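Chemist: Task: produce atomic coordinates for the following.
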Amino acid sequence: MFLAQKDVTSAPKQALRAAMLETRRGMDPCLGIRLAAHVLQEVLPSPGQAVAGFWPMGTEIDIRPLLNALHAREHPVLLPVTPPRGQPLSFRRWQPGDVLRPGRFGTSMPTGDSGTPDVLLVPLLAWDGRGHRLGYGGGYYDRTLAALPGCRTIGCAYDAQRVPEVPAAPYDVPLDAVATEEGVTWFRR
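Modeler: Predicted coordinates:
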């Protein structure tokens, strides 16, 4: 059970968030095409596994080419639904052409059937060589990762978002891998 509250005001985390948002401003979201190729080659989910992704916001790397490719390979594709603070994400089915509705914090949410992912593609602001990630500070993905033991977790980011160390708390769940335009870095298989 996830009990800890996120400290969104800690100085090291806030400084790193600001720096990474600035770093992402100079990146090309279309590098998501290269990220997709690496994931399809190195992480390919087993047939029929449900994969949850995210609809990119702002300067996040664009993983829509990957979502489209997974759908074409007949994987159920899920997108998150952002609940009130303090709750884990839930997921609904998406397919190309579906209309998304506006969600909390500028997210876009599907209206399809609910589902549970076998593989979770995770957005992030920064990542390190231990598999720790820095998110936006709401704790949604930390709660979600804690609630989905056994789910393979793949961070999706630009290679430039890698830092020597992400400040991590005991309740932060490390990722299994991070995919970027340069390849996939594994921490746990």
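Chemist: tell me the mean pLDDT over stretch 154-161?
Modeler: Summarised as a single mean, pLDDT over stretch 154-161 is 97.
Chemist: what do you get for stretch 73-85?
Modeler: Computed over stretch 73-85, the average pLDDT equals 92.
Chemist: Need the CA coordinates for it. CSV is fine.
Modeler: Coordinates of each C-alpha in stretch 73-85 appear next as CSV, following Å, rounded to 0.1, in the frame of the first residue of the first chain:
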residue,chain,number,x,y,z
ARG,A,73,0.4,-5.7,-33.8
GLU,A,74,-2.9,-6.4,-32.0
HIS,A,75,-1.9,-5.5,-28.5
PRO,A,76,-4.6,-3.9,-26.4
VAL,A,77,-3.5,-0.3,-25.9
LEU,A,78,-4.5,1.5,-22.7
LEU,A,79,-4.2,5.1,-21.7
PRO,A,80,-4.4,6.5,-18.2
VAL,A,81,-7.3,8.2,-16.5
THR,A,82,-6.1,10.7,-13.9
PRO,A,83,-8.1,10.3,-10.7
PRO,A,84,-8.3,12.8,-7.7
ARG,A,85,-5.0,13.3,-5.9
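Chemist: I'd like to check which residues are in contact with S114.
Modeler: By CB atoms under 8 Å, 6 or more residues apart in numbering, the contact list for S114 reads 90-93. C-beta: built from backbone N, CA, C; applies to glycine.
Chemist: one more time with 6 Å
Modeler: By CB atoms under 6 Å, 6 or more residues apart in numbering, the contact list for S114 reads R92.
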